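> Need a 3D model of the following:
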Amino acid sequence: MGTASTSFQPTHRGGSAVVVLDHAAIEAHAEELASLSPMFAGLLARNGTPPLWRRLPSFQTLVRLVLEQQVSLASANAAYRKLEVRVGDATPEAILGSTDAELRSDGFSRQKSGYVRGIAMLISDGEFAPESLAATSDGAMVELLAIRGVGPWTAACFALFALGLPDVWPRGDRALHVSMSRTMGLTAVPGSDEAEGLAASWSPHRSTAARMLWHDYLGGRAYVQAPDAGFV
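Residues are numbered from 1 along each chain as shown. Next up is the predicted model:
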């Protein structure tokens, strides 16, 4: 994760502009959260504005997110690097042309191999285009959740990082739960339902709230993005 110089611009769907997050919007949302909550005021004072952490709305991003399910970023990055060394660009064609043994050697589990093959097939058949997802939280989530292997966490992370939507909560993210427990002084790490319920009060800026909590979990101002983390 890390900062990016690229700004999101409003996109037009059906004649209306949909504003997505850029650095200025994240800064404004962080300040608004800080004005409403001592917890976020403390996070902002300690760490500053959180990074944008932009990813491209692409098949490659979905492959990375599938790899990141239930494992560390370092482990997922290692598998993705092996894939790129073997095939070059991680295109749908490259995935579909890989054997199960080759994907296993890259670090894909049998289940994750099936997931990325399924997504690659949908794209190859013209049934799904990541770059053309609806630029609304509800619309994007509906389209993503219809795909095998894309659950609430994966869909939310794509909507948050790749589409830049401002009010998305990545349900089930362990790092967020741990960060919430630390910063809110909870007696235990909350489960998915409790964390989602607590985050509801941070709407319509849940994407920035998540960034602030992630940033603190990763070390705040001391955090340095790994060069191969998959963010631009």
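> What about the closest residue to residue 160 other than its chain neighbours, how many residues nearby?
Nearest residue to residue 160 in three dimensions, chain neighbours excluded: residue 168, at 4.4 Å (C-beta to C-beta, 6 or more residues apart in numbering). For the C-beta atoms, the positions are set from N, CA and C on the backbone; glycine is no exception. Number of residues near residue 168 (other C-beta atoms under 10 Å) recorded here: 23.
> Just confirm residue 168 contacts residue 159, I think it does.
Yes. Taking contacts as C-beta atoms under 8 Å, residue 168 lies within contact range of residue 159: 4.8 Å.
> So which residue is dead centre in the protein?
Nearest residue to the geometric centre of the chain (C-alpha atoms, centre = their mean): residue 157, 2.6 Å.
> Is it located within a helix, as I assumed?
Yes. Secondary structure of residue 157 (DSSP: H, G, I helix; E, B strand; the rest coil): part of a helix.
> Let me see the contact set for it.
65, 68, 170 (C-beta atoms under 8 Å, 6 or more residues apart in numbering).
> For the residue nearest to the second one when sequence neighbours are not counted, give its distance to residue 212.
By that I understand residue 68. In this structure, residue 68 finds its nearest non-sequential neighbour in residue 76, 4.2 Å apart by C-beta to C-beta, 6+ apart. Distance from residue 76 to residue 212, counting by C-beta to C-beta, to the nearest Å: 23 Å.
> So between the two, which is more surrounded?
Neighbours per residue (other C-beta under 10 Å) separate residue 76 from residue 212, with residue 212 holding more: 30 against 22.
> Can you tell me the element that one falls in?
Per DSSP states H and E, residue 212 falls inside helix 206-217.
> Next: residue 103.
helix 100-106.
> How about residue 183?
Going by DSSP H and E, residue 183 is part of helix 174-184.
> can you give me how far that helix is from the chain middle?
Relative to its chain's centre, helix 174-184 lies at 17 Å (C-alpha atoms, centre = their mean, to the nearest Å).
> immediately after it, which helix or strand?
helix 192-199.
> in that next one, what counts as buried?
195-196, 198-199 (16 or more other C-beta atoms under 10 Å).
> same thing with stretch 71-81?
Applying 16+ other C-beta under 10 Å to stretch 71-81 flags 73, 76-80 as buried.
> one step back: what sits up against the helix holding residue 183?
Contacts of helix 174-184 (C-beta under 8 Å, 6+ apart): 39, 42-43, 170, 186, 188-192, 195, 198, 210, 213-214, 216-218.
> let's see it at 7 Å
39, 43, 170, 186, 188-190, 195, 198, 210, 213-214, 216-217 (C-beta atoms under 7 Å, 6 or more residues apart in numbering).
> so for stretch 186-196, what's the average pLDDT?
Averaging pLDDT along stretch 186-196 yields 97.
> mind checking how far it is from the chain centre?
20 Å.
> where does residue 201 land in three-state SS?
helix.
> Would you confirm that the residue nearest to residue 68 contacts residue 67?
Yes. Assessed by C-beta atoms under 7 Å, residue 76 is found in contact with residue 67 at 3.9 Å.
> Distance of residue 119 relative to residue 130?
9 Å.
> Using neighbour counts, pick out the buried residues of stretch 93-113.
94-95, 98, 102-103, 106-109, 112-113.
> Columns distance to residue 57 and pLDDT on top of these, output as TSV?
Shown next, in TSV, are the buried residues of stretch 93-113 (distance: C-beta to C-beta, whole Å; pLDDT from 0 to 100):
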residue	distance to residue 57	pLDDT
94	19	98
95	18	98
98	23	98
102	27	98
103	23	98
106	23	97
107	24	97
108	22	98
109	25	97
112	20	98
113	23	98
